[in-house]
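Peer 1: Provided below are the primary sequence and the corresponding predicted coordinates.
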Amino acid sequence: MAEPAPASGGRLERSAAGDHNPWLVAIIVSMATFMEVLDTSVANVSLQHIAGNLAASLDESTWVLTSYLVSNAIILPISGWLSRIIGRKRFYMICVGVFGVSSLCCGLAPSLSWLIFFRVLQGLGGGGLAPSEQSILADSFTPQQRGQAFALYGIAVVVAPTLGPTLGGLITDSFSWRWIFLINVPVCLVSLFLSWKILVDPPAIEADRKEAVRRRRQVDWLGFLLVAVGLGCLQVVLDKGQEDDWFHSDFILGFALVSGLSLIFLVIWELNHEDPIVDLPLVRHRNFGAAMIVMFVTGFILISTTQMLPQFLQTIMGYTATKAGLALTAGGIGTLVMMPVVGALLRKIQPRYLIAFGLAVEGLACLYLRGFNTEINFGHAALGRVFQAVGLPFLFVPITTVSYAGLPPEKSGNASALINTMRNLGGSCGISLAVTVLARRGQFHHARLVESITPDSPLAGSPTFGALAMVDRLVQRQAQMWSYLDVFTLLAILAALTVPVTFILKRVKHGAAAAGH
């Protein structure tokens, strides 16, 4: 095993820090990643403003979200391969550049069609940032430092979705929806300059690139096509399914069939390809396969609650978008505090125990949310998010760290691509299921509540039009509240059912996240 680099602290032949402090590298690569993850949620609260300003319907404006998620889903799993072909530093800077330019174009878009087109480009540029950063951190830090490094990375990808709705609401209300995209531009410019000056592609990375270029005739074009079609169609199904009544819609059914067949063929093809564009054979590694499952669940719970909680506070409690966002921001503080703590605990406690504890905390936090009612105050709502946010670092940091255990160093880019794909896919599935349960269970609870109300019921009062309208509003509110509680209950059950997966994880030597590292 090679000796650590004197300055960078990581392995000499793979560190992206060169003669610089690796923590400086970690901060630089986290900047653009934070903005990219922020963009997955920052536009949610601005759709009405976008639709009104660009003369479009609200349903049409939702493609601003879907287009970004689709292109993001396509580029994520192949970012490891692209990084190897282009060169890690060059690929990272291209992603930052594309993300920055497309953000500028989004802010200046003259119509909804152009905005959706630029959001596709933005998703393509942003999709490669998180996997590249994760790969850079894995190679630039010693095993003893890696937990703390991933804790810094975790701040970018866990706190950003929490701040997104609040920041989006404040910017849109105070200035214009266009500024939710334009604020990315100066950050990307700074990130590009610092990346150009600080990051390096060491000899081992350059050797990987030359070998990949030498084998360019074996490019897995079929694998690329299957990824693009399979994950792209799947994202459309998940994002538009409930809106179009799922498989009762020919549109959704067609996309689902194409996605299913493409992904089945993708798995078969990639597991037997000599140089797969999506490194699915990595799943055969026990720790990596288990880490992918738990990361999927982490994304599922984090992103779905990030959408459902402020929605609950606005529709049931009557909060403004800003006030609801502030309730989530309180949780971000809890995550910021616990990230470095978990990074330090990784030096003494096995990752699988920390992950099991994190899942238990998430389950209990969702049960706490299950206890909400129409009389809770702001402190009660904020405490629920803090409770959940404290458990997230116990999941994200150990999962990211243990996923590299036993993998060869040259596989770090492919591994980070797959892990981030599972996080995003989990989030998409979580939102889709939550929205569906919310709609279906809301209808169920409304029907059950109406059954108990008769003209003689004290709740009905005098059977005037005004009285009946008031009763209907009360019933609607109660039915909606119970449907939200059903969503939180399902998430608690999911967290509990995932705990046994942690027993699959092998023991990892303290301070050594990867035998190959």
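Peer 2: Happy to help now that I have it. Residues are numbered from 1 along each chain as shown.

Peer 1: identify each buried residue in stretch 494-510, please.
Peer 2: 494-496, 498-499, 501-502, 505, 508 (16 or more other C-beta atoms under 10 Å). (C-beta placed from N, C-alpha, C; glycine too.)

Peer 1: farthest-separated two in these?
Peer 2: Taking C-beta to C-beta, the two most distant members of those are Leu494 and Val508; they sit 25.2 Å apart.

Peer 1: picking up where we left off before, can you redo the buried residues of stretch 494-510 as JSON lines with pLDDT and secondary structure?
Peer 2: Below are the buried residues of stretch 494-510 laid out as JSON lines (pLDDT from 0 to 100; DSSP: H, G, I helix; E, B strand; the rest coil):
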{"residue": "Leu494", "pLDDT": "91", "secondary structure": "helix"}
{"residue": "Ala495", "pLDDT": "91", "secondary structure": "helix"}
{"residue": "Ala496", "pLDDT": "91", "secondary structure": "helix"}
{"residue": "Thr498", "pLDDT": "90", "secondary structure": "helix"}
{"residue": "Val499", "pLDDT": "90", "secondary structure": "helix"}
{"residue": "Val501", "pLDDT": "86", "secondary structure": "helix"}
{"residue": "Thr502", "pLDDT": "86", "secondary structure": "helix"}
{"residue": "Leu505", "pLDDT": "79", "secondary structure": "coil"}
{"residue": "Val508", "pLDDT": "69", "secondary structure": "coil"}
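
Peer 1: quick one, what contacts Gln311?
Peer 2: Counting by C-beta atoms under 8 Å, 6 or more residues apart in numbering, Gln311 touches Ala324.

Peer 1: what's the pLDDT at it?
Peer 2: We note a pLDDT of 77 for Gln311 in this prediction.

Peer 1: longest helix in the chain, by residue count?
Peer 2: helix 412-451 (DSSP state H).

Peer 1: what's Gly363 in contact with, if anything?
Peer 2: So Gly363 contacts 492-493, 495-496 (C-beta under 8 Å, 6+ apart).

Peer 1: using PDB, write down the CA coordinates of the strand or helix carrying Lys197.
Peer 2: Secondary-structure element containing Lys197, defined by DSSP states H and E: helix 184-198. Extracted C-alpha coordinates of helix 184-198, given in PDB (Å, rounded to 0.1, in the frame of the first residue of the first chain):
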ATOM      1  CA  ASN A 184     -26.100  29.900  -8.600                       C
ATOM      2  CA  VAL A 185     -24.000  31.900 -11.100                       C
ATOM      3  CA  PRO A 186     -21.500  33.700  -8.800                       C
ATOM      4  CA  VAL A 187     -21.100  30.500  -6.700                       C
ATOM      5  CA  CYS A 188     -20.300  28.500  -9.800                       C
ATOM      6  CA  LEU A 189     -17.800  31.100 -11.000                       C
ATOM      7  CA  VAL A 190     -16.000  31.000  -7.700                       C
ATOM      8  CA  SER A 191     -16.100  27.300  -7.600                       C
ATOM      9  CA  LEU A 192     -14.700  27.100 -11.200                       C
ATOM     10  CA  PHE A 193     -11.800  29.400 -10.400                       C
ATOM     11  CA  LEU A 194     -10.800  27.600  -7.200                       C
ATOM     12  CA  SER A 195     -11.200  24.200  -8.800                       C
ATOM     13  CA  TRP A 196      -8.900  25.200 -11.700                       C
ATOM     14  CA  LYS A 197      -6.300  26.600  -9.200                       C
ATOM     15  CA  ILE A 198      -6.400  23.900  -6.500                       C
END
